[in-house]
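A.B. asks: need a 3D model of the following:
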Amino acid sequence: MTHMIELIEAYLEGELSVREKIDFEEHLKNDPELMKEFVLRRAINEAISESDILDLRNTLSEISLPETKAKKLHRNPFVLSSVAAAVIVLFVISWSAFFAGNEVSSSEVFNTYYSKYPVLTCNRSLSESNENLKDKTLVNAFDAYEKEFYIEAKDYFNQVLIMDYSNNMARFYASICEIELNNLKKSEKLLKDLLYKNNHIFWEQAHWYLALVYIKQEKFDKATELLNQIIENEMVHKSESKKILKSLH
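C.D. replies: I've put the predicted structure just below:
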């Protein structure tokens, strides 16, 4: 597991070769536990800015520890990640306490927890010279998606679905485009389609985004049902789901 954590960190820092990235992402698709760890560590990296990490390093250097342990902390970025995770947990507890004492709107909850799903680098590495029309269309779709041209992107993703209706990746990213365009009914339909089969890497994410879509539409009973499923099945957004449920009741 330690080796995989090192790979995750190297991937997030952009330190892997193209071949290593592709191999890692293939592993990611087939290993739910690795996906959970990946999502957690990516969230930590996004939550803590570089300056925060530097401040954390300075704080750690002032902690009264044996010299060898202190040096180990500075040399080992994964220890820092663990400490950073602890900092985030404390933040989460404070945030939950805030929600407990304040009534929040569905839009506030949605805006707090929603973020556009990122593009994995294996999607970026699809060759534009590939003669496969589906791959070419996916290249165009992800290019538009990253540039936030969501109308263009969802049209490309829908073209992929016409060529390959079983393409869950295209269906998932099309649903995110619809959310960005505030076409919540269309997004809801696409995400519900993704729940019917659980043998794809977007299954857990589909639960999460559909729950957020329900919240935005104030369909709280349906949102609550999905959030409870996320918690009971220990999916990647379990902790966020618990906080949302507390804020909604």
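
A.B. asks: next, count neighbours for E20.
C.D. replies: E20: 13 surrounding residues under other Cβ atoms under 10 Å. C-beta coordinates here come from the backbone N, C-alpha and C atoms, glycine included.

A.B. asks: now name the helix or strand holding it.
C.D. replies: The secondary structure element spanning E20 is helix 18-30 (assigned by DSSP states H and E).

A.B. asks: measure how buried the closest residue to E180 other than its chain neighbours is and give me the count.
C.D. replies: Take E180 and drop its neighbours on the chain: the residue closest to it by Cβ to Cβ, 6 or more residues apart in numbering is Y150, 4.5 Å away. A count of neighbours around Y150, defined by other Cβ under 10 Å, yields 20.

A.B. asks: so who does Y150 touch?
C.D. replies: The contact partners of Y150, taken as Cβ atoms under 8 Å, 6 or more residues apart in numbering, are A144, C177, E180, L181.

A.B. asks: mind listing which of those are in strands?
C.D. replies: Using DSSP state E, no member of the contacts of Y150 sits in strands.

A.B. asks: wait, which of the residues you listed is closest to N111?
C.D. replies: Checking the contacts of Y150 against N111 by Cβ to Cβ gives E180 as the nearest, at 12.9 Å.

A.B. asks: count of neighbours near that closest one?
C.D. replies: The burial metric for E180, expressed as a neighbour count using other Cβ under 10 Å, is 17.

A.B. asks: that one and Y145 touch, don't they?
C.D. replies: No: contact criterion Cβ atoms under 8 Å: E180 and Y145 do not qualify, at 9.1 Å.

A.B. asks: so which of the contacts of Y150 wins on neighbours?
C.D. replies: Of all the contacts of Y150, the most densely surrounded is C177 (27 neighbours; neighbours counted as other Cβ under 10 Å).

A.B. asks: now do the nearest residue to that one once chain neighbours are set aside, the pLDDT please.
C.D. replies: The spatially closest residue to C177, leaving aside those adjacent along the chain, is K154, at 3.6 Å (Cβ to Cβ, 6+ apart). For K154, the pLDDT comes out at 96.
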